[in-house]
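Just the structure for this:
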Amino acid sequence: FYWFLIYKEYGTLRAADIATFSLHTLYMIGRLWSKAVSPRHVTWRQTGLPRESCSTAMECFKVVWICRSAALVAEVLPDIDTIWKDFTQQWSIEEAAKVVQISV
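The predicted structure follows:
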């Protein structure tokens, strides 16, 4: 607001006024940027919850599939089984069971 009054009164701004206006504007843009990209909530990595507490941590993946059509289940279930087998080959069944829970 100060710079508008100075410009209105004198018709021009001094170099110091332009420099402070520029710094102030850069500061406001920086604050806006930091608020825009900062997380709004505490992430699951910051909570320090154990891996086994799948109900309270985001380190697990739950799939709940509700379907009325048995034909659709019969069509998609082999694909899910193939993905699960590939996953357990990479992780082992014990480790996979800790982080993935599938319910049909």
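
ok, then the element right after the lowest-mean-pLDDT helix or strand in the chain?
Lowest mean confidence among the helices and strands of the chain (mean pLDDT, DSSP states H and E): helix 44-47, at a mean of 54. The helix or strand immediately downstream of helix 44-47 is strand 61-64, counting by DSSP states H and E.

and that following strand, how far out from the chain's middle?
18 Å (Cα atoms, centre = their mean, to the nearest Å).

cool, stretch 79-90 as well?
26 Å.

List of residues touching it?
A96, V100, I102 (Cβ atoms under 8 Å, 6 or more residues apart in numbering). Bear in mind the C-beta positions are built from the backbone N, C-alpha and C, glycine included.

Helices of this protein, residue ranges please.
Remark: helices assigned in the chain by DSSP state H are 2-10, 15-37, 44-47, 70-91, 93-99.

And the first one, what does it pack against?
Contacting helix 2-10 under the criterion 3 or more Cβ pairs under 8 Å, 6 or more residues apart in numbering; DSSP states H and E are the following elements: helix 15-37.

Pull out the buried positions in the helix it packs on.
Within helix 15-37, the residues that count as buried by 16 or more other Cβ atoms under 10 Å are F21.

same question for it, mean pLDDT?
When pLDDT is averaged over helix 15-37, the result is 89.

what angle sits between that helix and helix 2-10?
Helix 15-37 runs at 150 degrees relative to helix 2-10, counting by axes from the mean of the first three to the mean of the last three Cα atoms, to 10 degrees.

contact partners of helix 15-37?
With Cβ under 8 Å, 6+ apart, helix 15-37 has contacts from W3, I6, L13.

how about 7 Å then?
Residues from elsewhere that reach helix 15-37 (Cβ atoms under 7 Å, 6 or more residues apart in numbering): W3, I6.
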